[in-house]
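1. no sequence on this one, just coordinates:
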């Protein structure tokens, strides 16, 4: 599961004369087929999760940002404030899921083999072993009430690894750099694992 490749999930801009035009966010392509992660995650879940759930975040984020730009153009501060929740939720959903797809890989592409190098050393130094880190993250993920994410992050202040959670679709921000995220929303596992989300957390590794 561990893959440290990163993609920029946020939208970009391009220069047009003396102004900038925001390019719309798009659904990222996966580096593997929907069924490539079976039996850990079924192809049906992957397809629904990617093509439906993630696409909805992308669509709604584009709509919210367009409305925000219109409000800003009218100097409608109340309108801008009213749209911030939608931008945070859908923008976070887009960022989180983009990171999630990149953290997954089929066994043919190294999935499940664990980390190496500096990350492996940091995990062993702080947690004792990869198995203990997995137990820590799975316990943390199982403790999420409602919907959210469990993350392995780097704390830029301490230069150490941390395990933390974020609610709903809140992204990892501030002093933390996300390394690996586990989606704890029901749409990520319920079709296959029903209400036994602990089995999903074990299988995803």
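-> Arrived safely. On a predicted model such as this, the values are computed, not experimentally measured, just so you know.
2. rest of the way, CA atoms for contacts and neighbours
-> Fine.
3. Start from the N-terminal end of this protein and give the helices.
-> 43-47, 55-73, 77-103, 117-127, 130-142, 190-193, 197-203 (DSSP state H).
4. Reformat those helices into CSV and put mean neighbour count, distance to residue 151 and mean pLDDT next to each item.
-> Compiled in CSV, the helices of the chain are given as follows (neighbours: other C-alpha atoms under 10 Å; distance: least, C-alpha to C-alpha, whole Å; pLDDT from 0 to 100):
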stretch, mean neighbour count, distance to residue 151, mean pLDDT
helix 43-47, 17, 20, 98
helix 55-73, 18, 20, 97
helix 77-103, 19, 10, 97
helix 117-127, 14, 14, 95
helix 130-142, 17, 8, 97
helix 190-193, 15, 20, 96
helix 197-203, 17, 12, 96
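5. can you tell which of those helices is closest to residue 35?
-> helix 43-47 (3.9 Å; C-alpha to C-alpha).
6. Not counting that closest one itself, show me its contacts.
-> Helix 43-47 is contacted by residues 34, 35, 36, 37, 187, 188, 189, 191, 192 when judged by C-alpha atoms under 8 Å, 6 or more residues apart in numbering.
7. What residue spans form the domains of the chain?
-> Each domain of the chain is listed here as a residue range: 41-109, 117-203, per automatic domain parsing.
8. Quick one: end-to-end length of the first one, please.
-> Start and end residues of domain 41-109 are separated by 16 Å (C-alpha to C-alpha, to the nearest Å).
9. residue contacts, residue 129?
-> Residues near residue 129 by C-alpha under 8 Å, 6+ apart: residue 123.
10. on that earlier part again, the contacts of helix 43-47: which two are farthest apart?
-> Distance extremes for the contacts of helix 43-47: the farthest pair is 36 and 187 at 18.3 Å, using C-alpha to C-alpha.
11. So which of the two has more stuff around it?
-> Under the neighbour definition other C-alpha atoms under 10 Å, residue 36 and residue 187 were set side by side, and residue 36 has more, 18 against 15.
12. Just give the nearest non-adjacent residue to that one, would you?
-> residue 106 (5.6 Å; C-alpha to C-alpha, 6 or more residues apart in numbering).
13. thought the one you found was touching residue 40?
-> No - with contact defined as C-alpha atoms under 8 Å, residue 106 does not count as touching residue 40 (9.6 Å).
14. contact partners of stretch 71-83?
-> By C-alpha under 8 Å, 6+ apart, stretch 71-83 touches 64, 67, 68.
15. bridging residues for the closest residue to residue 179 other than its chain neighbours?
-> Using C-alpha to C-alpha, 6+ apart and skipping residues adjacent in sequence, the residue nearest residue 179 is residue 153, 5.1 Å away. Here residue 153 sits in beta bridges with residue 162, residue 178, going by DSSP bridges.
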